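K.L.:
3D, please:
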Amino acid sequence: MEKPLLNLAAVCRKTGVLGPGSRAVIWIQGCPFRCQGCISPEWIPFKKAEQYDPQSLAQSLLSDPEISGVTISGGEPVTQSSGIVSFLEYCKRIREINVILYTGYYYENLLAFPARSPVQRLLRLIDVLIDGPYVAHENDNRGLRGSSNQRIIHLTDQLIDYEFVIVQRQAEIQISNGVVFFKGVPPKGVLPGVLASIETALDAISPGGSYERA
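P.N.:
The predicted structure follows:
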């Protein structure tokens, strides 16, 4: 049976701001939650974005020997569980990696899916699940969760020693061809000023330039 393509808002081949070590990151296009204050509202609509074959993407990202883990965010990853399962299975055939996944669903809701569903298969491939919707007024400016209602759930012991809640928030900014790509969980209050400065600079260089946030 033909494997489903991944419909992705963005791909980052290497970063150090969304988990331990050097990581590849993929962001899913489409999200049903529409959280107020979402950092990437342009990734909420369910629309065709960049299409990736799971096997080819896995081979491409893990061709870098320094990549030790994969982080998956969005959008909402659970909406493309089948494609992500295929992608992670191919990744783990190449070498052992750790996997972090952000979801707006609570873990208990995911456990209620049928045992043979793609969602349950996905859970078996994840080391750390960061669950729950983003709640702007509960953003406590701590760690790699967006707001304090979100939980760090260790599904394996793979990253048990990493301090997800107290690690200092960091962000990376990449500018290419007039597009600004913002990666990471930004420190509280920093993003609006940074984006305003970027937009001013982009407008001076290339009127109508755009930016993306992740």
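K.L.:
and for residue 59, the neighbour number?
P.N.:
Residue 59 has 14 neighbouring residues, counting by other Cβ atoms under 10 Å. (Each C-beta comes from the backbone N, C-alpha and C, glycine too.)
K.L.:
quick one, strands of the protein?
P.N.:
6-15, 22-28, 50-52, 67-74, 98-102, 128-131, 151-154, 171-176, 179-184, 210-213 (DSSP state E).
K.L.:
dump the ones you listed into TSV; add mean neighbour count, distance to residue 142 and mean pLDDT as well.
P.N.:
Below are those laid out as TSV (neighbours: other Cβ atoms under 10 Å; distance: least, Cβ to Cβ, whole Å; pLDDT from 0 to 100):
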stretch	mean neighbour count	distance to residue 142	mean pLDDT
strand 6-15	19	20	96
strand 22-28	23	20	97
strand 50-52	14	32	98
strand 67-74	23	18	97
strand 98-102	23	16	98
strand 128-131	22	13	98
strand 151-154	16	11	98
strand 171-176	14	15	72
strand 179-184	18	14	72
strand 210-213	16	20	46
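K.L.:
mind checking the end-to-end distance for stretch 152-164?
P.N.:
With Cα to Cα, to the nearest Å as the measure, stretch 152-164 spans 7 Å from end to end.
K.L.:
OK, contacts around the residue nearest to the spatial centre of the chain?
P.N.:
Central residue of the chain (Cα atoms, centre = their mean): residue 73, 2.2 Å from the mean position. By Cβ atoms under 8 Å, 6 or more residues apart in numbering, the contact set of residue 73 is 18, 25, 26, 27, 28, 101, 102, 214.
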